[in-house]
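Q: 3D model of this:
(2 chains)
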Amino acid sequence: MRTIVVGLGNPILSDDSVGIKVAALVKQAIPENAGVDVVEAYAGGLRLMEAIAGYERAIIVDAMKTGLHKPGTVQMLSLESLTKTRNTLCTHDGDLSTALALGSDLGLALPGLVEIMGIEADDVESFSEELSSGVSMALPLAVADILCRCGIFESEYTID
Amino acid sequence: MNRISIDPITRLEGHGKIDIFLNEEGDVANAYFQVPELRGFERFCVGRQAEEMPVITNRICGVCPEAHHMAATKALDALFAADPPPAAKKLRELFYSAFYVTDHTTHFYALGGPDFIMGPDAPPGERNILGVIRKVGLDIGRQVIECRARNHHVIKTVGGRSIHPVAGLPGGWSRPITESERDEIVGIAQKNIDFALFTLQVFEDLVLKNQAYVDLITADTYTHKTYYMGLVDGQNRVNFYDGTVRVVGPDGDERVRYPAKDYASHIAERVEPWTYLKYPYLKDVGWKGFVDGPESGVYAASPLSRLNVSDCMATPRAQEQYELFYETLGSGKVNGRYKPVHYRLATHWARLVELLYAAERMLELANDPEITSPDLRTVPGAVIGCGIGCVEAPRGTLTHHYEADERGVLTRVNMIVGTTNNYAPMTMSIKKAAQQIITKGKVVEEGMLNRIEMAFRLYDPCLSCATHAAVGRMPLSVNIRDLSGEIIRTVSRG
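A: Numbers count the residues shown, from 1 in each chain, chains lettered A, B, ... in the order given. Next comes the predicted model:
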């Protein structure tokens, strides 16, 4: 299945960069010809839809700030609950659900499977290229889970 | 409520919060628009090599990275005293024109247009790009997506990378284009012109031929007589990439004109205790509060402002539309210039006139014999200590100001971003809209958020690509407070 992994976030806004950092690590670990592309993106509406068009499957990684979980908590979210992550909306052009519905109306080849991984953030408002400590500890788990989903290695455990 | 400290960039992102204060009679006394603070951008930049700024600042914002890239690059030209060769300037402007086409197109079809095409009272679930496409046809949706795709391709070709460009260098541009790339861009620019004309036709058919919408545009609710700011070229024509800053008064007369590097002599920033935002105003006119008129230093910088400060457009078809714009909205000529249009909702139309200009300008530049020249760099000599760069971002005049030591290491950074210019007028527009909705303590809840949103959406404020919660529209909460400041009602979304 042709898969795209998208790391969403802003690389200079502390924990907001976690999606981009996960994607960078996934990219290093994915063998060539595995049928998996890895990209980073910042805006979540039309641009995100355009980025995943043409793939059969998309895995989107983003910071979320629910305040309900410890920083570093990793969760899989449904498309309907996308609103919980930070970057799936662009105030300039709308949210991913609307963009996907538009793409679908227009007959674009959109992924049949869109999986969203949200990582609870701590600080997303200070300018820094570093993650806070709790969030940085989530990196191995998040990366391993995505590699597992891509079939790069097997594990009994996946994130719900 | 004692929030004063503001870093240069604290005003860029976040979700909107509006506080509406009522007076004793239960009418609107004031409306305040707040944006959460982002901390420490200046500290983040100080100590870095100045040359990093075009790639760092384009990460500030996911909506207009190209504008930050360009303002930063121009600030470096000044900091290193390296005036780029003509071909580099043309290539930069070509790149910038492609960016304008995609940005203005997206705003119209995804954000501004739905208010008109679906109507201001349509349910939020329909008042988006999907609703527009379902109403006006799938083919238009395809054209919007194709327009974005072909111009992103140009941005990537000329700018070196899509979304976050890298080609800007102090004194030049790193990537020449080939003859075959030029030919491709010529074709794209021609398609852009057709698409801009088509979009103006859509606007005419769906908005201008509907008296209810024309009445809405010209209603007092969305009218403010302020100063206007924008860059103009040597012939006082709209220019996005370069020029001098011109400011005209509510009557249209030129109040001041200055090179961008002198901005600090003309612009002051008002700090209010109840918000993080600083409100820029014209220094020599002075701050008189959130009020209209020639005595108040409040100014706007937007597509409407750019048209209002210029004498004409630099391309023929945009000029025809410019004339149609002023004639239709009842502005006569005085001393050869149209008087300003003050109807803020007309900003949506002004944006489309600019869309056509950007497309025509792109074609001119792509056809320029010099555009494929490899002579793209003036090699910098010494660092002169201070560099200020200015462009018209789609949302208004954008100024980057850097200071650096003799090694080129940054010691100070300041920015006035496009949206910041419009904080005071946005606050005024929100207050006026609120006054229509709340009288004698009674709140018209139906469509309230949208009526208020319409008042600031027309400025296309760049508040956030990194909002904390999202339901497809900008997260927004409105608090209505009584005389003592107690919240008596909260309406929110997101």
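
Q: Show me the helices in the stretch 1-150 of chain B, by range?
A: Counting by DSSP state H, counting those that start in this stretch, the stretch 1-150 of chain B has helices at residues B:41-45, B:53-57, B:65-79, B:86-106, B:113-117, B:129-136, B:138-159.

Q: For the third one, output the C-alpha coordinates as PDB.
A: Output in PDB follows, covering the C-alpha atoms of helix B:65-79 (Å, rounded to 0.1, in the frame of the first residue of the first chain):
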ATOM      1  CA  PRO B  65       6.200  32.000   4.600                       C
ATOM      2  CA  GLU B  66       7.000  33.500   1.300                       C
ATOM      3  CA  ALA B  67       6.300  37.000   2.600                       C
ATOM      4  CA  HIS B  68       8.600  36.600   5.600                       C
ATOM      5  CA  HIS B  69      11.300  35.000   3.400                       C
ATOM      6  CA  MET B  70      11.200  38.000   1.100                       C
ATOM      7  CA  ALA B  71      11.100  40.700   3.800                       C
ATOM      8  CA  ALA B  72      14.000  38.900   5.500                       C
ATOM      9  CA  THR B  73      16.000  38.700   2.300                       C
ATOM     10  CA  LYS B  74      15.500  42.400   1.600                       C
ATOM     11  CA  ALA B  75      16.500  43.200   5.200                       C
ATOM     12  CA  LEU B  76      19.800  41.300   4.600                       C
ATOM     13  CA  ASP B  77      20.400  43.200   1.300                       C
ATOM     14  CA  ALA B  78      20.300  46.300   3.500                       C
ATOM     15  CA  LEU B  79      22.300  44.800   6.400                       C
END
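
Q: Nearest the middle, which residue of chain A would you pick?
A: The residue lying closest to the centre of chain A (CA atoms, centre = their mean) is A:Val61, at 1.5 Å.

Q: Assign that residue to helix, strand or coil.
A: strand (DSSP: H, G, I helix; E, B strand; the rest coil).

Q: Quick check: it touching A:Val5?
A: Yes - assessed by CB atoms under 8 Å, A:Val61 is found in contact with A:Val5 at 7.1 Å. Glycine gets a C-beta too; all of them are placed from N, C-alpha and C.

Q: what residues do the two have in common as contacts?
A: Common contact partners of A:Val61 and A:Val5 (CB atoms under 8 Å, 6 or more residues apart in numbering or on different chains): A:23, A:146.

Q: The worst-scoring helix or strand of chain A on mean pLDDT: what's the following helix or strand?
A: Every helix and strand of chain A was ranked by mean pLDDT, DSSP states H and E. The lowest is strand A:89-90, at a mean of 64. Using DSSP states H and E, the helix or strand that follows strand A:89-90 in sequence is strand A:94-95.

Q: Helices of chain A, start to end?
A: Assigned by DSSP state H, the helices in chain A fall at A:18-29, A:46-52, A:96-105, A:133-136, A:139-149.

Q: Counting by contacts, list what the third one packs against.
A: In this structure, helix A:96-105 makes packing contacts with helix A:46-52, helix B:129-136, helix B:138-159, judged by 3 or more CB pairs under 8 Å, 6 or more residues apart in numbering or on different chains; DSSP states H and E.

Q: and the angle from that helix to helix B:129-136?
A: For helix A:96-105 against helix B:129-136, the angle by axes from the mean of the first three to the mean of the last three CA atoms, to 10 degrees is 30 degrees.

Q: Centre of the chain to helix A:96-105, how far?
A: 18 Å (CA atoms, centre = their mean, to the nearest Å).

Q: how far off helix B:138-159 does it point, in degrees?
A: With the same axes, to 10 degrees defining the directions, helix A:96-105 sits at 110 degrees from helix B:138-159.

Q: How about the first one?
A: Relative orientation of helix A:18-29 and helix B:138-159, computed by the same axes, to 10 degrees: 70 degrees.

Q: Which positions in helix A:18-29 come out as buried?
A: Buried residues in helix A:18-29, counted by 16 or more other CB atoms under 10 Å in any protein chain shown: A:18-27.

Q: right, and B:Thr105 touches B:Phe195 too?
A: Yes - look at B:Thr105 against B:Phe195 with CB under 8 Å: they come within range, at 7.4 Å.

Q: more neighbours, these two?
A: Neighbour count, other CB atoms under 10 Å in any protein chain shown: between B:Thr105 and B:Phe195, B:Thr105 has more, with 25 against 22.
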